[in-house]
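Enquirer: How does the following fold in three dimensions:
(2 chains)
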Amino acid sequence: MRARSIRAAGGAAAAVALAVAASACSAPGDGGGSGGAKDSAVVGIAYEPDTLSPLLGYGKDGNSKIFDGLLTHDADMKLKPALAAELPEVTDDGKTYTYKLRQGVKFSDGKPFTAKDVVFTYETILDKKTNNASKTELDAVKSVEAKGDDTVVFRLKYPYAPFAERTVLPIAPEHVAGKQDVNNGSFTTKPIGTGPYELVKWSKGEKLSFKANPDYWGGAPKVKNFTMAIIKDDDIRATRLDAGELDGAILPPNLAKKYKNDGDKKTYTAKTFDYRVVTLPTGNKVTGDTAVRRALDVGVDREAMVDSILDGAGKEAYGPVPTDSPWFTRGTERKFDAAKAEKILDDAGWKPGKDGVREKDGVRAAFPLWYLSGDKLRQEHALAYASDAKKIGIKVEVQSGTWEVIQPRMPKDAVLAGGGSPADPDFDQYTLLKSSLAGDGFNNMAHYDNKKVDEALEDARRSGDHAERKAAYDTIQRELAKDPGYTFLTHIDHLYVVDKRFGDLTTQTEPHDHGLASGPWWNVEDWQPKK
Amino acid sequence: MARLAGRRALFAVPVLLVVTFGVFAIAAASPFDPVKAYAGTAGLTASQENLDQLRANLGVDKPLAARWWDWLTSALTGDLGDSSVLRQPVADVIGERVGWSVLLAATAFLVAILLGTTLGVLAARRPGGWLDRAVTSLAYTLEAAPPFWLGLLAVWLFALKLGVLPSGGLTDTASSTVTAGQVASHLVLPAGVLAVSQLPWFVLYVRQGVGDALGDDPVRGARARGLAERTVLLGHALRSGMLPVLTLIGSRVPELITGALLVETVFSWPGIAAATVQAATAVDFSLLAALTALATAAVLLGNLVADLLYGLADPRVGFDG
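Expert: Down below sits the predicted model:
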């Protein structure tokens, strides 16, 4: 009996295995990759969003595919209306923003979009119980109010000129998201919006599949099926692009190079605000010294970094504002001049010691520089910085660690950091330079403290007048040249390779954090694939 | 038999308690900060007030024992809590993924057992013959090869060089629906690699067991009675030679789980491995504890099944263990 039952079990197991093997053999490579359908596009990206809920921070800088904001950015980063019918009316000395809403817009489940959804979205994000790590960006908001179905009024705590730039954040439907747990409900993985695409499936760690929203208020997209494959490894992404599995991908400069003369693929270089910077903490006797700061500022060879580390895909950086931005102050570029750097140090009393490292009043010109472990780009910047510093007699000890290790050391130790938000100069500069934000989370990591800069930062964010704002940011950039509490090194271009059958595409000016919203597919809904 | 199963189930309770508490303790002692992991890059521009609020909302500001007790009491009522890293209830995370992991592991395990037994019997038939030597040396080589290395090798050979099988994922990149054909073709490489990594143990155990049995009295008796070689080999030698293999099945379960973890990572298989890795690096207490409890239960169950099978196959062994 027992023996028979075992034999039977073995037989059953063999049958199952055979069935599995047979079905495995009978599966030909159907589907045939992406090259087939003319109206579909598959792109490879490096980062996966943590959530698809705008209430938790998804798509806060726009281009979320599934959702629309009140406003959106065009290719030149100018604001234009989306769910709003026109640009907002600003009254009350910049403290009240009134948005008229577009009529007749529907969410992809057929329910109408109204002012109540806007109020719900903003109020939920600002709610203490909502686990949204970006809610500081809406710090200025005092209240959001619906006036009828088609008008929303934002009241601010203080005049805040760049506020309209924040209202690109996507609007969630109250009738769906309002009925569930905001932090863990199904809306975070199965979103519903008004946007040009609907989510078909989010296979975590693998891909996001979208299909065109046929009733999109801006017109149905020509690219009907859009897939974003999440491929963290650069080499694997390039391999899958070669294999024809992907129509486009983001690639580092060294891998993008080989597509330069490719007949079927076009390389796009996106300008960015994505900077790499060395913080020079005020609390450190060496990096807090203005002479040391100025010497390092002219003593590092930024051009060499762009050429060797970035393969030429980038620019020298002298502040958070890139040299090709209209907000950049001409004349604040600092030429690489090692002799001048040495003279600054000599004049300030930093004399070379026995081992070549300078000293002043018994203090050695040495400090540690941390970078996030595993980040090769930051490591290379840090090593190049240390090697340039050594030549002018300053010893920089490069060390790596996780943010948990680095954060407590930030008041005294230098850090190789990165950042960049292109929408408004306030976004980077206020958090980076404002003295009252020193040591507040990761804001003002260098504990930079400069009265003139503080005042100019306030003037620039309060004034609604462009010329006044430009003058304030000019003051800040000139002060930064005199007292560089950070050594800005490079702004990094982002490179993308895309199949030519999608025609000539554009890129926006991109931020540091370039997830699925960036790249030539920022406006995939407007692509016109060749038949 | 029911008594054995019942006793084991009782024994599982303290084991699971200790294991989950250990997970909480290790996660709490890890240098990673759950709030930083949750906030991601947004955390680098968030205010301290915002981060402190997150810490309170996620409940990670409470002491370790309190957090474990909260988790345990709600888990007992069926609520496994929410995964902070995936922004989903833990039950949903596991529900979505465990099926794919089971499919992968079960396919690989079956292939390993069947192929291992076949090769083992063939090798044992003529000890020292060319087949025996080939199979044995191959088995030792594979035993030394780590599964992720085998995985990368398989991707390189079958997906890149020959281009016959997909290199990863559950379906083709451009496809948005899950069809049986697609899954089957995507299953071949990961399941094959996992099976091959488990194969040597079965080959070597079967070869040894059957080889020993071939020299035993029952086989000599059967041969003396003039039974066909086939009957002798499969009916007598294999049956007694399989006994140690049954024990092996139970003890291979932990290895199978760790092997599946590595293979899933290499092939971007949407099973629980990716969730496990994310849960660990993001110090996602609820998810980590649930996954560990699940793995522990699988190991305990594997051992129980092995013991039951052994008892069924060999009447001399009772069900007292």
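
Enquirer: ok, residues contacting stretch B:262-277?
Expert: A:203-206, B:83, B:86, B:93-94, B:96-98, B:100-101, B:104, B:146-148, B:151-152, B:155, B:167-170, B:186, B:189-190, B:193-194, B:197, B:260-261, B:287-288, B:291, B:294 (C-beta atoms under 8 Å, 6 or more residues apart in numbering or on different chains). C-beta coordinates here come from the backbone N, C-alpha and C atoms, glycine included.

Enquirer: Work out the gap between it and the centre of the chain.
Expert: Put simply, stretch B:262-277 sits 12 Å off its chain's centre (C-alpha atoms, centre = their mean, to the nearest Å).

Enquirer: Buried ones among the contacts of stretch B:262-277?
Expert: Neighbour counting with 16 or more other C-beta atoms under 10 Å in any protein chain shown marks A:203-206, B:83, B:86, B:93-94, B:96-97, B:100-101, B:104, B:147-148, B:151, B:155, B:167-170, B:186, B:189-190, B:193-194, B:197, B:260-261, B:287-288, B:291, B:294 as buried within the contacts of stretch B:262-277.

Enquirer: Secondary structure of A:Val398: a strand, I assume?
Expert: Yes. Assessed by DSSP: H, G, I helix; E, B strand; the rest coil, A:Val398 belongs to a strand.

Enquirer: Helix or strand: which one has the residue nearest the centre of chain B?
Expert: Nearest residue to the geometric centre of chain B (C-alpha atoms, centre = their mean): B:Ile257, 2.0 Å. Secondary structure from DSSP states H and E places B:Ile257 in helix B:243-266.

Enquirer: Beyond that helix, next helix or strand please.
Expert: Per DSSP H and E, the helix or strand that comes after helix B:243-266 is helix B:272-281.

Enquirer: Dump that next one to CSV, restricted to CA.
Expert: Extracted as CSV, the C-alpha positions of helix B:272-281 are listed here (Å, rounded to 0.1, in the frame of the first residue of the first chain):
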residue,chain,number,x,y,z
ILE,B,272,9.5,37.6,-3.3
ALA,B,273,13.3,37.8,-3.6
ALA,B,274,13.3,41.4,-4.8
ALA,B,275,10.9,42.3,-2.1
THR,B,276,13.2,40.6,0.5
VAL,B,277,16.3,42.5,-0.7
GLN,B,278,14.4,45.8,-0.7
ALA,B,279,12.9,45.1,2.7
ALA,B,280,16.3,44.4,4.2
THR,B,281,18.1,47.4,2.8
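
Enquirer: can you tell me the average pLDDT over it?
Expert: Per-residue pLDDT over helix B:272-281 has a mean of 82.

Enquirer: Which strand or helix spans B:Thr117?
Expert: Counting by DSSP H and E, B:Thr117 is part of helix B:90-125.

Enquirer: Just the C-alphas of the helix holding B:Ile257, formatted as PDB.
Expert: Provided in PDB are the C-alpha atoms of helix B:243-266 (Å, rounded to 0.1, in the frame of the first residue of the first chain):
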ATOM      1  CA  LEU B 243      15.700   6.500   1.400                       C
ATOM      2  CA  PRO B 244      18.600   9.000   2.100                       C
ATOM      3  CA  VAL B 245      17.200  11.100  -0.800                       C
ATOM      4  CA  LEU B 246      14.000  11.600   1.000                       C
ATOM      5  CA  THR B 247      15.800  13.100   4.000                       C
ATOM      6  CA  LEU B 248      17.700  15.200   1.500                       C
ATOM      7  CA  ILE B 249      14.500  16.700   0.100                       C
ATOM      8  CA  GLY B 250      13.700  18.200   3.500                       C
ATOM      9  CA  SER B 251      17.200  19.500   4.200                       C
ATOM     10  CA  ARG B 252      17.500  21.100   0.700                       C
ATOM     11  CA  VAL B 253      14.500  23.500   1.200                       C
ATOM     12  CA  PRO B 254      16.600  26.300   2.900                       C
ATOM     13  CA  GLU B 255      19.200  26.000   0.100                       C
ATOM     14  CA  LEU B 256      16.400  26.200  -2.400                       C
ATOM     15  CA  ILE B 257      15.100  29.400  -0.900                       C
ATOM     16  CA  THR B 258      18.500  31.100  -0.800                       C
ATOM     17  CA  GLY B 259      19.200  29.800  -4.300                       C
ATOM     18  CA  ALA B 260      15.800  31.100  -5.500                       C
ATOM     19  CA  LEU B 261      16.600  34.500  -4.000                       C
ATOM     20  CA  LEU B 262      19.800  34.800  -6.000                       C
ATOM     21  CA  VAL B 263      18.300  33.400  -9.200                       C
ATOM     22  CA  GLU B 264      15.300  35.800  -9.000                       C
ATOM     23  CA  THR B 265      17.600  38.700  -8.600                       C
ATOM     24  CA  VAL B 266      19.700  37.800 -11.700                       C
END
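
Enquirer: State the mean pLDDT of that helix.
Expert: On average, the pLDDT along helix B:243-266 is 83.

Enquirer: now swap in stretch B:133-153 and tell me
Expert: The model assigns stretch B:133-153 a mean pLDDT of 88.

Enquirer: buried stuff in it?
Expert: By 16+ other C-beta under 10 Å, the buried positions in stretch B:133-153 come out as B:135-136, B:138-139, B:142, B:147-148, B:150-151.

Enquirer: And for stretch A:442-449?
Expert: Result for stretch A:442-449 [16+ other C-beta under 10 Å]: buried residues A:442-449.

Enquirer: just stretch B:20-28 next, same as before
Expert: Residues of stretch B:20-28 classed as buried: B:20-21, B:23-24, B:27-28 (neighbour count, 16+ other C-beta under 10 Å).

Enquirer: can you list the residues that contact that stretch?
Expert: Stretch B:20-28 is contacted from outside by B:64, B:67-68, B:71-72, B:280, B:283, B:285, B:288-289, B:292-293, using C-beta under 8 Å, 6+ apart.

Enquirer: now, which of these lie within strands?
Expert: Using DSSP state E, the subset of these located in strands is empty.

Enquirer: want to try a markdown table for the residues you listed, with distance to chain A as columns?
Expert: A markdown table is the format used below for the contacts of stretch B:20-28 (distance: C-beta to the nearest C-beta, whole Å):
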| residue | distance to chain A |
| --- | --- |
| B:Leu64 | 17 |
| B:Arg67 | 17 |
| B:Trp68 | 20 |
| B:Trp71 | 15 |
| B:Leu72 | 19 |
| B:Ala280 | 14 |
| B:Val283 | 10 |
| B:Phe285 | 14 |
| B:Leu288 | 16 |
| B:Ala289 | 16 |
| B:Thr292 | 20 |
| B:Ala293 | 20 |
